[in-house]
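Asker: Here's a sequence, model it:
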Amino acid sequence: MNKRVLLAKRPEGLPDESTWKLEEQPIPVIGEGEALIQTEYISIDPAMRGWIKDTKSYLPPVQVGDVMRAGSVGKVIESNNPNMKVGDYSAGLGGVHQYVATDGKGWIQVDPNRAPLPKYLSVLGLTGRTAYFGLLEIGQPKEGETVLVSGAAGAVGSTVGQIAKIKGCHVVGIAGGKEKCDYIVNELGFDGAIDYKSEDIRTRLKELCPNGIDIYYDNVGGEILDIALTQINRKARIVICGAISQYNKKHKGPDNYYSLLVNRARMEGFVVIDYAKDYQTAHRQMGKWLMEGKLKSKEFIVEGIENFHEAFLRLFSGEKLGKLVLKVA
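Answerer: Down below sits the predicted model:
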C-alpha cells in the first residue's frame, strides 16, 4: 500500500491536524515512459503554507483532495523510462507519498555516494539554489559590503550567509535563541548574530552593522523587515525571499518603505524556478564549495510520513535547526 497525505481543507491561520488527511491506496501502476520512485525523504518548506491558499501565486494552489505538494528524493524501483533506471536516485516535486509514478519531467538524478540524500533537498537542492540565486542575482554582493540575513539559522538563511562570506562580505544574521545564534557564528562563520527573542534588534543592528546595510536578505517579513529598512545604505538591495512571520495571518506591508526612496534602494522578490535554466551551474558551484569545506549544512529530520503535520508545525515554532526534512522509507 501507498501512504500519502492529502489536503483535506483550506486552513485559516495556523493549519491544524484537520488540514490534511493520511490515506492508503494501492501502489501506483506505471505506464509507458513512467518510473516508480520509492520516496525516502520529503522536503518541508515554508512555501507549503502558500501552496494551500486559494490565491494567485507562482504555482497553482494545491486543490482540496489532492496529494500535498512537496519536494522529495527517492529510489527508482520500477521503470518504463529509459532515462530513469532501476536503482537510480532522483529528486523532484514528488509530493507527500511513499511511492510516486512519474514521467521524469522536472526530476534530476542524484548520487547518494557523493552526498547524503537529505542534502539534495537542502544545500544541493532547491533550498540551496534559492540562497544562491537570491543572493548572487538579486543581491549582487560586492567584497566588503554588509549583508544582513533574517531566518539566518534556517535552511536558506544559513546558506545565504555562508555564500556572502565566500564573496568577502561582512555578514550578520538574525535568529531565534542562543543555540541558533551560536551556530551561525561559531560553526558557519557569520560575523555576528542578533537574537530577536531576547535582544533589541535596532540597538544590535547599529552595533553589528555600524556602516549600515548594503544587502538585506529577508526570509521573515513583518517587523524585522521594517526595522532593517531603517538601517539600509544608499543603493541597498533588499531581497524578498519569504515572509514566514506573515504566512498565517493577514499580510502587513512595511511602514518604513519610504527609506527605499531616500536611499535610492531596491526591493525585489524572486522565485527560484525563474532560474531553472541555470540550475546545473548552481549545483556544480554549490557542490564544489561543499567539497572544499566552504559550505556546511545541517538537516533536522523527523521520521514517519504520518508525522507530516508535526514536522510542518516546526517551521513556525522554530523547533528545528537547519533544513527540515521528513524521513519516509
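
Asker: use CA for all of it now, contacts and neighbours both
Answerer: Will do.

Asker: could you pull out the helices for the protein?
Answerer: 47-51, 126-133, 155-166, 178-182, 201-208, 222-229, 258-262, 279-291, 308-317 (DSSP state H).

Asker: tell me the mean pLDDT for stretch 52-66?
Answerer: Stretch 52-66 shows a mean pLDDT of 90.

Asker: what's the spacing between Asp274 and Val156?
Answerer: Distance, Asp274 to Val156, by C-alpha to C-alpha, to the nearest Å: 17 Å.

Asker: The two: who's more crowded?
Answerer: Set Asp274 next to Val156 and count neighbours by other C-alpha atoms under 10 Å: Val156 wins out with 29 against 11.

Asker: Near Met1, how many other residues are there?
Answerer: The burial count for Met1: 11, using other C-alpha under 10 Å.

Asker: For Asp226, which non-adjacent residue is closest in space?
Answerer: Among residues not flanking Asp226 along the chain, Pro254 sits closest, at 5.1 Å (C-alpha to C-alpha, 6 or more residues apart in numbering).

Asker: Could you tell me how far the one you found is located from Ala193?
Answerer: With C-alpha to C-alpha as the criterion, Pro254 and Ala193 are 23 Å apart.

Asker: do Gly168 as well
Answerer: To Ala193, Gly168 is 17 Å away according to C-alpha to C-alpha.

Asker: Those two: which has the busier surroundings?
Answerer: Shown here are Gly168 and Ala193; by other C-alpha under 10 Å, Ala193 has more neighbours (27 against 15).

Asker: quick one: that one and Leu324, what's the gap?
Answerer: For Ala193, the distance to Leu324 - C-alpha to C-alpha - is 21 Å.

Asker: One more: Leu205?
Answerer: Following C-alpha to C-alpha, the distance that separates Leu205 from Leu324 is 28 Å.

Asker: So if I had to pick from those two, which one is more boxed in?
Answerer: Higher neighbour count among Leu205 and Leu324: Leu324, with 27 against 23, using other C-alpha under 10 Å.

Asker: so who does that one touch?
Answerer: 43-45, 155, 299-302, 311, 315 (C-alpha atoms under 8 Å, 6 or more residues apart in numbering).

Asker: For it, list each beta-bridge partner.
Answerer: Bridge pairing for Leu324 (DSSP bridges) gives the partners Phe300.

Asker: Show the model's pLDDT score for the residue positioned nearest the centre of the chain.
Answerer: Most central in the chain under C-alpha atoms, centre = their mean is Thr127, positioned 4.2 Å from the mean C-alpha point. You'll see Thr127 listed with a pLDDT of 93.

Asker: And the pLDDT for the closest residue to it other than its chain neighbours?
Answerer: Nearest non-adjacent residue to Thr127, counting by C-alpha to C-alpha, 6+ apart: Val156, 5.7 Å away. Looking at Val156, its pLDDT reads 96.

Asker: how near is Asp278 to Lys75?
Answerer: In terms of C-alpha to C-alpha, Asp278 sits 25 Å off from Lys75.

Asker: same question but for Ala228, I mixed them up
Answerer: Remark: distance between Ala228 and Lys75 (C-alpha to C-alpha) = 44 Å.

Asker: how many other residues sit next to the closest residue to Ile227 other than its chain neighbours?
Answerer: Of all residues not flanking Ile227 in the chain, Arg202 sits nearest, at 6.6 Å (C-alpha to C-alpha, 6+ apart). Per other C-alpha under 10 Å, the neighbour tally for Arg202 reads 15.

Asker: State the distance from Arg202 to Gln231.
Answerer: From Arg202 to Gln231 the distance is 9 Å (C-alpha to C-alpha).

Asker: now Gly65
Answerer: Applying C-alpha to C-alpha to Gly65 and Gln231 gives a distance of 46 Å.

Asker: same check, this time on Gln280
Answerer: 36 Å.

Asker: Please say which of the two ends up with more neighbours.
Answerer: A count of neighbours by other C-alpha under 10 Å puts Gln231 above the other of Gln280 and Gln231, at 21 against 11.

Asker: What values do phi and psi take at the more buried one?
Answerer: phi -110, psi 10 (degrees, to the nearest 10).

Asker: partners of Val73 in the sheet?
Answerer: Under DSSP bridges, the beta-bridge partners of Val73 are Tyr41, Ala91.
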